[in-house]
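Q: A structural model of the following input is requested.
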Amino acid sequence: MLRFVQSLRLSNSLKAPELSAAAAEIYRQCFAELASTAGLLERHTSNGERSALLHCFDAQPSNQLESIAPSADDVWIFGYGSLVWKADFPYIDRRRGFVCGYKRRFYQHSIDHRGVPEKPGRVVTLLPGDMAADRVYGVAYRIAATQKSQVLDHLDYREKNGYERCNLEFHEYPAATMPIEVIMYVATQANDSYAGHVWQVPCIAKQIFTSAGPSGPNREYLFNLSIAMRELFPDAVDEHLTELVDCVQRYIESEEPVLLERALSAEIASILSECLAKDAPVPLEEIAQRLEALRARCQQPGWRERLLNQELQGQSS
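A: You can find the predicted model right below:
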C-alpha cells in the first residue's frame with residue numbers, strides 16, 4: 001500500500017477536484033474488488049452447495065458422537081427459520097416435513113442475531129392461516145430425554161427476543177406418516193419486536209439488504225433459508241420467501257455497487273483530506289496505514305451493510 005500511495009504524488013496543495021480524483025484512483029486500485037458483487041449471489045445459489053446440504057441431511061440424521069436410543073420421553077423441536085440449516089444443539093434424529101395452518105413471514109425484528117437494536121434485521125415468524133391450504137415446511141429434531149432440559153433452556157435463551165413455545169402436529173415429507181407432536185417457537189403480534197405492520201416486500205427487502213448482526217449479514221439468513229427450502233422441499237411454494245429473495249438480489253445487483261463505491265470513496269477522501277491538512281511533509285506512511293485499516297474493516301462481517309446503511313441514511317437526510 002505504501003508504494004502505491006507514494007506513486008500518487010500527493011501534496012498539501014491539492015484542490016478538491018484533485019483530491020476526489022486521487023480518492024477515485026485509490027478506490028479503483030485497492031477497494032473495487034472488495035466491493036464487487038461478482039460471485040456474491042452465486043455463493044448462495046450454487047448447485048454444489050445445495051446438493052451438499054441434502055446429502056448431509058440424508059447421511060447424518062443425528063449429530064451425536066455416540067448412539068442414544070430413542071425413548072417415549074424424547075421431544076421433537078420444529079425449526080422453520082435458521083434451525084432448518086443450523087441446529088446448534090444435540091439431536092438424535094431429524095425429519096423433513098411441515099405444519100398446517102400457518103404462513104411463514106419475515107415479520108419479526110432481529111436485534112440480537114441478524115441486526116442490532118439501532119438497526120434491526122428481519123427474521124421469520126409464523127402467522128395463523130388456513131388449516132387446509134397453508135403449510136410451513138421445515139425440519140423436526142428429536143431431542144433425547146436426557147438432553148431435553150439442556151436443549152430447551154438453550155432455545156428459550158436463543159429465542160428470547162419475542163418468541164414463545166407452542167405445541168402442534170408435524171407431518172413428514174415427502175412420504176406421509178403418523179403426525180408427530182412437536183414444540184416450536186413463534187413470535188406473536190403482541191411482542192415488542194413484531195414488525196408485521198411494515199409488510200411490503202420492497203421495504204422488508206431493503207431492511208434485510210442493509211442489516212447485519214452478531215450472527216452475520218441478514219441477507220445470508222434469507223439466502224440460506226431459500227437454499228434449504230429449494231433443496232429439501234423442491235415441490236413446496238413459498239411466494240413471500242421467493243419475492244424477498246428476488247427483491248434483495250435486485251438491490252445487490254443494481255444498487256449495492258454504486259452505494260459502496262460512493263461510501264468507500266468518501267471515506268478514502270476523508271483520510272486524504274485529514275492527512276493532507278497537516279502543516280508538515282505529506283504523511284505517506286500514515287495515509288497508507290489508514291487505508292490498510294479501512295481495507296481490513298472491509299473484510300469483517302457486516303461491513304457492506306454498515307456502509308450501505310450509512311450511505312442511504314445520508315441520502316435521506
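Q: For this structure, which segments count as strands?
A: Under the criterion DSSP state E, the chain contains strands at 75-79, 93-100, 102-110, 121-128, 135-143, 163-172, 180-187, 212-213, 216-217.
Q: Work out which residue lies at the spatial centre of this protein.
A: Among the residues of the chain, the one closest to the centroid is N218, at 2.6 Å (C-alpha atoms, centre = their mean).
Q: Looks like that residue contacts I111 (just checking).
A: No. Between N218 and I111 there is no contact under C-beta atoms under 8 Å: 11.6 Å. The way it works is simple: take the backbone N, C-alpha and C, and place the C-beta from them, glycine included.
Q: on that earlier part again, and the strands of the chain: which comes nearest K86?
A: Closest of the strands of the chain to K86 is strand 75-79, at 8.8 Å (criterion: C-beta to C-beta).
Q: just how off-centre is that closest one within its chain?
A: Centroid separation for strand 75-79 versus its chain: 23 Å, with C-alpha atoms, centre = their mean, to the nearest Å.
Q: Same list, the strands of the chain, but as CSV with distance to E243, mean pLDDT and mean neighbour count please.
A: Formatted as CSV, those follow (distance: least, C-beta to C-beta, whole Å; pLDDT from 0 to 100; neighbours: other C-beta atoms under 10 Å):
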stretch, distance to E243, mean pLDDT, mean neighbour count
strand 75-79, 22, 98, 21
strand 93-100, 20, 96, 20
strand 102-110, 10, 97, 23
strand 121-128, 13, 96, 23
strand 135-143, 16, 97, 23
strand 163-172, 24, 95, 16
strand 180-187, 21, 96, 20
strand 212-213, 22, 96, 24
strand 216-217, 19, 94, 19
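Q: Can you add distance to Q315 and give the ones you listed back as a markdown table?
A: Formatted as a markdown table, these follow (distance: least, C-beta to C-beta, whole Å):
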| stretch | distance to Q315 |
| --- | --- |
| strand 75-79 | 38 |
| strand 93-100 | 42 |
| strand 102-110 | 23 |
| strand 121-128 | 20 |
| strand 135-143 | 37 |
| strand 163-172 | 34 |
| strand 180-187 | 31 |
| strand 212-213 | 19 |
| strand 216-217 | 21 |
